[in-house]
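A.B. asks: Model the structure of this input:
(chains A and B)
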Amino acid sequence: MTERKRSTALRDPAWLRFALLAIALAFVAVFLVLPLVAVFVYAIEKGFAFFMDSLTDPDARAAIRLTLLVAAVSVPANTLFGVAAAWLITRFAFRGKNLLVSLIDLPFAVSPVIAGLIYVLLFGANGWLGPWLSAHDIRIIYAVPGIVLATTFVTFPFVARELIPLMQAQGSEEEQAALTLGAGGFAMFWRVVLPKIKWGLVYGVILCNARAMGEFGAVSVVSGHIRGVTNTMPLHVEILYNEYQRTAAFAVASLLALMALATLVLKQLVGWRMRRIEARSAAA
Amino acid sequence: MSLRRRRHALPGFGLTLGLSLAYLALIVLIPLAALALKSATIGPLAFWAAVSSPRALAAYRVTFGCAAIAGLINLVLGPLLAWVLVRYRFPGRKLIDALVDLPFALPTAVAGITLTALYASNGWLGRWIEAAGWKIAYTPAGITIALTFVSLPFLVRSVQPVLEQLEPDIEEAAATLGAGRLATLAKVILPTLWPAILTGFALAFARAVGEYGSVIFIAGNLPMVSEIAPLLIVAKLDAFDYAGATAIAVVLLLASFVALFLINVLQLWTVRRRSAEAR
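C.D. replies: Sure, this is the predicted structure:
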């Protein structure tokens, strides 16, 4: 009796449930499902052969290569930093720690366009270091290094942000035990710390990679849009679209959308894994 | 002796401190300092002229206005979606839950061209909307749609965990005391959600103000009408007006920082309220 009363007290009336569910589903259908379906439909509207041609075009291939290259530099760099910063912040007490945490989050508050602008002001032809760089024949802006730097800036916080709360919650008991048993610093890191933070690390890396491969605004400012040289996949999509090659633009865009879908699936799997480990350690 | 031996000083303080600070300085602090230095060299008069030109004022109006409207749309629909996902059981719930993060994962340029194609006058949605006499693509309404898309996850994801941890006691108490379900929702549940809703709104707003990739395709980019402030920065850079670009960037950064500062204040307020309730 009390059980029934309890459940009806927490239940919305049927009409309200129906109305809220209908609004929510309509919102999701129009704002999330429809765009996702549209990317793939537009991508193959001229047939599969055209789709493949758009992806194997030399400029498209150069763009794909550059996007992979940029992610292959930015993501490991930010991962290394993320692990170091999370270790520093969660395992030691020092002055200015809160300031450091805020500064790590700072790139998320900066518009991508501004992220590109700051590197132009620093390394551009009229920038602070511009004359010195051109005297030594080093190109950063309108070249690959600038793209890597801008991408690294916008993806800077992802890994650290994921690891700091996780390592804070885990505490350092196991590390202490490993040291007591005579493990050296690196043995402790590889055998104790890394297995502990593995899934949180993977989670952060997945999100970091998705943003690195998809970044548009910051990269657009520093790239110069040189075809086959400084065009990443998102920039190639823009150029094709602005040249009224809509289907080709959507073909390249559909690859990025697949990357986004893979990200969502992996994120879900890793999140599920982390919750299971959490539940197990809570039960123990 | 044994007590002192039990706690080891963990290794790596110097290494991780050096690495973190050097990397932070190189990637974030020195480049941002270049922006601050640049804005300091402009001179107050030229700075004021750049940030208060009619074109700049129109760009702020479009940016902040559309970001606020998109935030308000999500302020209503985000918590509603979170409520449905947490409280109702229906087929496809987990799929929708995963899909909420799509705007975070989908590159903004892809979102931009797709939304434009959908809402253009021959698009799947634009066709019907234009038949009804409305126009979305290449107007500020289109900008609002794009910003609603990119900031959608913030509201859902900030409210969802609060709803999941909501104790049923207060709802039961309200029902026992004779409150109808709607009254319970409005007077008991909603007040506990406000801090999370406002945090989500501030995050969504800060993101939307700086957004570029998803907007420029659908905006039309007409100066004074549908030009967003980030695009104005790009336009000034393309014209080699570094000083003008820097000045607008400073205004945008300040707006984002104010939004994030308000989040911190909100979170402090929530913690205080919780501890006051616990007492």
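A.B. asks: mind checking how far B:P230 is from chain A?
C.D. replies: 4 Å (CB to the nearest CB, to the nearest Å). C-beta: built from backbone N, CA, C; applies to glycine.
A.B. asks: Sorry, slip of the keys, the one I care about is B:P11.
C.D. replies: B:P11 is 4 Å from chain A, by CB to the nearest CB.
A.B. asks: Tell me how many other residues crowd that residue.
C.D. replies: Applying other CB atoms under 10 Å in any protein chain shown, we find 17 residues neighbouring B:P11.
A.B. asks: I'd guessed it sits against A:M188; true?
C.D. replies: Yes - using CB atoms under 8 Å, B:P11 is in contact with A:M188, at 7.4 Å.
A.B. asks: Common neighbours of those two, please.
C.D. replies: A:L179 (CB atoms under 8 Å, 6 or more residues apart in numbering or on different chains).
A.B. asks: Nearest residue to the middle of the chain?
C.D. replies: With no chain named, the answer covers chain A. A:C208 (2.7 Å; CA atoms, centre = their mean).
A.B. asks: Can you look at chain B instead?
C.D. replies: B:A204 (1.8 Å).
A.B. asks: show me what contacts the closest residue to chain A within the stretch 1-150 of chain B?
C.D. replies: Taking CB to the nearest CB, chain A has its nearest neighbour within the stretch 1-150 of chain B at B:P107, 2.8 Å off. For B:P107, the contacting residues are A:M213, A:G214, A:E215, A:F216, A:M233, A:P234, A:A253, A:L256, A:M259, A:A260, B:G213, by CB under 8 Å, 6+ apart.
A.B. asks: So which of the residues you listed belong to helices?
C.D. replies: A:M213, A:G214, A:M233, A:P234, A:A253, A:L256, A:M259, A:A260, B:G213 (DSSP state H).
A.B. asks: Show me which parts of the strand or helix carrying B:L21 are buried, residue by residue.
C.D. replies: B:L21 is part of helix B:13-24, with elements assigned from DSSP states H and E. Neighbour counts over helix B:13-24 (16 or more other CB atoms under 10 Å in any protein chain shown) mark B:T16, B:L17, B:L19, B:S20, B:L21, B:Y23, B:L24 as buried.
A.B. asks: now do stretch B:270-279
C.D. replies: Neighbour counts over stretch B:270-279 (16+ other CB under 10 Å) mark B:T270 as buried.
A.B. asks: any idea which helix or strand comes after the helix or strand of chain A at the bottom of the mean pLDDT ranking?
C.D. replies: Least confident helix or strand of chain A, by mean pLDDT, DSSP states H and E, is helix A:2-10 with a mean of 52. Following helix A:2-10 in sequence order, the next helix or strand is helix A:14-28 (DSSP H and E).
A.B. asks: Tell me where the model's unsure across chain B.
C.D. replies: B:1-8, B:277-279 (pLDDT under 70).
A.B. asks: in it, which spans are strands?
C.D. replies: Counting by DSSP state E, chain B forms no strands at all.
A.B. asks: Tell me the helices and strands packed up against the helix of greatest length in it.
C.D. replies: Taking DSSP H as the criterion, chain B has its longest helix at helix B:242-278. On a contact count with 3 or more CB pairs under 8 Å, 6 or more residues apart in numbering or on different chains; DSSP states H and E, helix B:242-278 meets helix A:97-109, helix A:112-123, helix B:30-42, helix B:44-51, helix B:54-87, helix B:190-210, helix B:229-238.
A.B. asks: Now it: buried residues?
C.D. replies: Going by neighbour count (16+ other CB under 10 Å), the buried part of helix B:242-278 is B:242-253, B:255-256, B:259-260, B:262-263, B:266, B:270.
A.B. asks: And for stretch A:51-61?
C.D. replies: A:F51, A:S54, A:L55, A:D57, A:D59, A:A60.
A.B. asks: From A:A212, how far out is whichever residue of the stretch 151-279 of chain B sits closest to chain A?
C.D. replies: Of all residues in the stretch 151-279 of chain B, B:G210 sits closest to chain A, at 2.7 Å by CB to the nearest CB. Distance, B:G210 to A:A212, using CB to CB, to the nearest Å: 18 Å.
A.B. asks: Over to A:K46?
C.D. replies: 30 Å.
A.B. asks: which one of those two has more residues nearby?
C.D. replies: Shown here are A:K46 and A:A212; by other CB under 10 Å, A:A212 has more neighbours (26 against 16).
A.B. asks: which residues does the more buried one contact?
C.D. replies: A:V70, A:A71, A:S74, A:V75, A:T151, A:T155.
A.B. asks: Fine, thanks again, bye for now.
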